[in-house]
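[1] Test case, fold it:
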Amino acid sequence: MRSNLTTAIFPVAGLGTRFLPATKAVPKEMLPVVDKPLLQWAVEEAAEAGCTRFVFVTSRDKAAIGKHFSPAPQYEDTLKARGKTNELALLKAGLPDGAEIIEVYQDEPLGLGHAIWCAKEAVGAAPFAVILPDDMVLHTTGCLAQMVDAHARLGGNLVAVENVPADQTHRYGVVDPASEAEGLVAIQGLVEKPEPAQAPSTLAVIGRYIFDAEIMQTLSRTIAAGESGAGGEIQITDAMSQLITQLPLHGLRFQGTRFDCGNQDGFLQANVAYALAQARKNGDTSLQSKLRHLLD
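    Predicted coordinates for the structure are as follows:
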């Protein structure tokens, strides 16, 4: 069974207050990890997984995002005149040929579930992916591509999961596992940001999702009813929980190392790790040695 996943949603409307003052003028998603903005790494991961439609749920103050993924005639003309073909390729910002860019706005910070719901009209009736650019996963096969293979077999809703320290469960959606086989966890429940004593496990959802389009209807009903979840926000974990009896929900223990770029420590670690990966690819042994020293 082949996956028909072509659309990826990127919720990028947040203010990025943890990175002030850098994010006062530059969207957090546009901060560079080595030589590319965070968001471009996420777009490239989605493109590797077969996506051709890229939906940015953003705010009206983040014009830099749309500009980065738009044509740049002035640069193109200059680079063509100078015969700089490599630099011309970089202007594509990781987008595949024929890519469709859609921007929708989340005018209020009402939670991840609300941000995803804002893209309802852009999604239609097909399954779709959600990538949180803050979570970077370093592996030779992108995290979403790994998930697409699993989703083609399983259908339903699928999330990426990994174990986190028990004292950090209050930062994540935590799953209640029913069974597990070959890295796939059958999920019977979820709890949003539980304290350690209330957490059903230490297996947490990280920023990769593949959803059946039915989840948009569930979010619509929640929003119409004026309901909210943890922190007074529209939580995507609540919508997933409501659908468990109708659609299978699985967690994939992905291969690779995750970096939480939503905080400064994770962002710096990602820069070093991704630079090291590029140095290995380029065969730059001197740079590899220097970067390993930083990681130690």
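[2] give me phi/psi at the residue nearest the centre of the chain?
    The chain has I131 as the residue nearest its centroid, 2.0 Å off, counting by C-alpha atoms, centre = their mean. Per-residue torsions, I131: phi -120, psi 130 (degrees, to the nearest 10).
[3] Need the residue in this protein that's farthest from the chain's center.
    A81 (36.9 Å).
[4] The nearest residue to G262 once chain neighbours are set aside: neighbour count?
    The shortest distance from G262 to any non-neighbouring residue, by C-beta to C-beta, 6 or more residues apart in numbering, is to D134 (3.9 Å). No exception for glycine: its C-beta is placed from N, CA and C like everyone else's. Burial of D134 is recorded as 24 neighbouring residues (other C-beta atoms under 10 Å).
[5] Ok, G256 next?
    Other residues close to G256 by other C-beta under 10 Å number 16.
[6] all numbers from here: first residue = 890
    OK, 890 is where the count begins now, so the last one is G1145.
[7] Quick one: residues contacting the residue lying closest to it once chain neighbours are set aside.
    With C-beta to C-beta, 6+ apart as the criterion, G1145 has its nearest non-adjacent residue at 2.9 Å, and that residue is H1028. Applying C-beta atoms under 8 Å, 6 or more residues apart in numbering to H1028 gives the contacts 1035, 1143-1146.
[8] Return the subset of those lying in strands.
    The strands, defined by DSSP state E, take in T1146 from these.
[9] Just the buried ones from the contacts of H1028, in ChimeraX syntax?
    This is the ChimeraX syntax for the buried subset of those, where burial follows 16 or more other C-beta atoms under 10 Å:
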select :1035,1143,1145
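[10] will you turn the contacts of H1028 into a markdown table that also has pLDDT?
    As requested, those are exported to a markdown table (pLDDT from 0 to 100):
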| residue | pLDDT |
| --- | --- |
| Q1035 | 97 |
| F1143 | 97 |
| Q1144 | 97 |
| G1145 | 97 |
| T1146 | 97 |
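[11] and which of the contacts of H1028 is nearest to P1054?
    P1054 has its nearest neighbour among the contacts of H1028 in T1146, at 15.7 Å by C-beta to C-beta.
[12] What's opposite the closest one in the beta bridge?
    L1027 (DSSP bridges).
[13] how close does it sit to G972?
    Here the criterion is C-beta to C-beta, to the nearest Å. By it, T1146 lies 39 Å from G972.
[14] what does A952 give?
    For A952 relative to G972 (C-beta to C-beta), the value is 31 Å.
[15] for E933, same thing?
    26 Å.
[16] Ok, L1108 next?
    Counting by C-beta to C-beta, the gap from L1108 to G972 is 50 Å.
[17] more neighbours, the two?
    Legend: neighbour count by other C-beta under 10 Å for L1108 and G972, higher for L1108 (23 against 8).
[18] does that one really touch I1123, like I thought?
    Yes: look at L1108 against I1123 with C-beta atoms under 8 Å: they come within range, at 6.9 Å.
[19] Common neighbours of those two, please.
    Taking C-beta under 8 Å, 6+ apart as the contact rule, L1108 and I1123 both touch 1002-1003, 1006.
[20] Throw those residues into a markdown table and include secondary structure, distance to L894 and pLDDT, thanks.
    Output for the shared contacts of L1108 and I1123, formatted as a markdown table (DSSP: H, G, I helix; E, B strand; the rest coil; distance: C-beta to C-beta, whole Å; pLDDT from 0 to 100):
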| residue | secondary structure | distance to L894 | pLDDT |
| --- | --- | --- | --- |
| G1002 | helix | 20 | 94 |
| H1003 | helix | 22 | 95 |
| W1006 | helix | 19 | 96 |
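[21] So which elements touch the lowest-mean-pLDDT helix or strand in the chain?
    Least confident helix or strand of the chain, by mean pLDDT, DSSP states H and E, is helix 1174-1184 with a mean of 77. Helices and strands touching helix 1174-1184, by 3 or more C-beta pairs under 8 Å, 6 or more residues apart in numbering; DSSP states H and E, are helix 1153-1171.
[22] and the angle for the helix it packs on with helix 1174-1184?
    In terms of direction (axes from the mean of the first three to the mean of the last three C-alpha atoms, to 10 degrees), helix 1153-1171 departs from helix 1174-1184 by 160 degrees.
[23] Now find how far off-centre helix 1153-1171 is within its chain.
    Averaged C-alpha coordinates place helix 1153-1171 at 18 Å from its chain's average position (C-alpha atoms, centre = their mean, to the nearest Å).
[24] Give the other helices and strands that that helix contacts.
    Partner elements for helix 1153-1171 (3+ C-beta pairs under 8 Å, 6+ apart): strand 921-922, strand 1024-1027, strand 1146-1149, helix 1174-1184.
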